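> need coordinates for the following:
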Amino acid sequence: MNNAVLDAIHQRRSIRKYRPEQITKEELETVLEAGTWAPTGMGRQSPWIVAVRDKAQRDLLSKINAEIMGTTSDPFYGAPTIVLVFAPTDNSNGERDGSLVLGTMMLAAQSINLSTCWINRIDKMSEREDVRKLMDSWHLPHGLRGVGSIALGYAAAPAKAPKPRKEGYYRIV
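A predicted model of the protein is given here:
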């Protein structure tokens, strides 16, 4: 069976090299809006989404993430936009909800020919005072923790072929 959603699922790959040009405002808003339609526990819509296009803030976040990772390379692979998702620490579904938001945005991006890569360590980043100050400047409520982030932009090279799916990946009982 084929359809546009299944095509996006099959075609999406983690891209680790981006062209420097910024995506359009319309493309960004399309991806972010898709994230708002992800399912959330009890329909609470508890996650918060922040798209960072400002180069100074993007570079600071990259430096902080690299420091946590123990490297000097750019953990966001040169993507001009970074999308971060936060969830309330007092919501037991927050991490799952935020993960669904990120996954939904990644598929939406693929469907409009944008590239993404899930980037870890936003949970650790959101514990730091310098990132907390950024979160305050973004007018986020207190009591949030980072769930994940995505590098977002135009791929600098074609995606690699997917690995074959493993045998017995799912069961029907």
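
> elements contacting the helix ranked longest in the chain?
If you go by DSSP state H, the chain has its longest helix at helix 94-111. Counting contacts by 3 or more CB pairs under 8 Å, 6 or more residues apart in numbering; DSSP states H and E, helix 94-111 is packed against helix 4-11, helix 25-36, strand 81-88, strand 115-119, strand 144-153. The C-beta positions use only the backbone N, C-alpha and C, and glycine is treated the same way.

> I figured Lys160 hits Gln11, correct?
No. Applying CB atoms under 8 Å, one finds Lys160 not in contact with Gln11, separated by 11.9 Å.

> so between those two, which is more surrounded?
Gln11 (13 against 10; other CB atoms under 10 Å).

> which residue, neighbours along the chain excluded, lies closest to the more buried one?
What sits nearest to Gln11 in space, not counting adjacent residues and going by CB to CB, 6 or more residues apart in numbering, is Gln110, at 5.9 Å.

> okay, now the unreliable bits of the protein?
Applying pLDDT under 70 to the chain flags no residue at all.

> I'd like the distance between the residue positioned nearest the centre of it and Asn3.
The residue lying closest to the centre of the chain (CA atoms, centre = their mean) is Ile150, at 2.5 Å. With distances taken as CB to CB, to the nearest Å, Ile150 is found 24 Å from Asn3.

> how about Val52?
According to CB to CB, Val52 and Asn3 sit 32 Å apart.

> go on, His142?
Distance from His142 to Asn3, by CB to CB: 42 Å.

> likewise Ala56?
Distance of Ala56 to Asn3, given as CB to CB: 41 Å.

> coming back round to it: thought the residue nearest to Gln11 was touching Ala8?
Yes. Contact criterion CB under 8 Å: Gln110 and Ala8 qualify, at 4.5 Å.

> these two - which one has more neighbours?
Neighbour count, other CB under 10 Å: between Gln110 and Ala8, Gln110 has more, with 21 against 16.
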